[in-house]
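Chemist: kindly generate the corresponding structure for this input.
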Amino acid sequence: QVELQESGPGLVKPSQTLSLICTVSGGSITTNNYYWTWIRQPPGKGLEWIGYITYSGTTSYSPSLKSRTSISRDTSKNQFTLQLSSVTPEDTAVYYCARRSLVQGGGFEYDYWGQGTQVAVSS
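Modeler: Model prediction:
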């Protein structure tokens, strides 16, 4: 059973960098064809894809967040990390890490999720 767990500060000041870690258990982040993803949900809004890091270490980011986002990994700890710089109150959200898996037909699904962590941006 794969489990994901987010960790990090619940409060970040404006203009600072938000840093979150996702610790994965029950499976390796280097296993082929899995993409390790960050997603957030601002209050009262829908889910927003932030980006991912693949099993081979390739990254991809949302165009709207790309200039402020970095996703990295520590394979020795089976963790991947989100850094979002120059945060504003608009970055307040519940942040989730999730595993994206291929499905038949060429599509994909998010089959495992962390429980989510609330991050508030406020002075």
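
Chemist: max-length strand in this structure?
Modeler: The strand that spans the most residues within the chain, counting by DSSP state E, is strand 93-102.

Chemist: which residues outside that strand are in contact with it?
Modeler: Here strand 93-102 makes contact (C-beta atoms under 8 Å, 6 or more residues apart in numbering) with 2, 4, 6, 8, 20, 22, 24, 27, 33-43, 47-48, 50, 52, 80, 82, 108-114, 116-119. Just so you know, the C-beta spots here come from the backbone N, C-alpha and C atoms, and that holds for glycine as well.

Chemist: going through the residues you listed, which ones are buried?
Modeler: Neighbour counting with 16 or more other C-beta atoms under 10 Å marks 4, 6, 20, 22, 24, 34-40, 50, 52, 80, 82, 112-114, 116-117, 119 as buried within these.

Chemist: may I have the distance across stretch 8-23, first residue to last?
Modeler: Distance across stretch 8-23, first residue to last, is 11 Å (C-alpha to C-alpha, to the nearest Å).

Chemist: residues contacting the most centrally placed residue in the chain?
Modeler: Centroid-nearest residue in the chain, with C-alpha atoms, centre = their mean: W38, separated by 2.0 Å. By C-beta under 8 Å, 6+ apart, the residues touching W38 are L20, C22, I50, G51, Y52, I71, L82, Y95, Y96, C97, A98.

Chemist: distance from the centroid: which residue in this protein tops it?
Modeler: G105 (25.3 Å).

Chemist: any idea how far that residue lies from W49?
Modeler: Noted for G105: a distance of 20 Å to W49, by C-beta to C-beta, to the nearest Å.

Chemist: strands along this structure, start to end?
Modeler: Counting by DSSP E, the chain has strands at residues 3-7, 11-12, 18-25, 35-41, 48-54, 59-61, 69-74, 79-84, 93-102, 108-113, 117-121.

Chemist: so can I have a markdown table of the ones you listed showing mean pLDDT?
Modeler: Output for those, formatted as a markdown table (pLDDT from 0 to 100):
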| stretch | mean pLDDT |
| --- | --- |
| strand 3-7 | 98 |
| strand 11-12 | 98 |
| strand 18-25 | 98 |
| strand 35-41 | 98 |
| strand 48-54 | 98 |
| strand 59-61 | 98 |
| strand 69-74 | 98 |
| strand 79-84 | 98 |
| strand 93-102 | 96 |
| strand 108-113 | 96 |
| strand 117-121 | 98 |
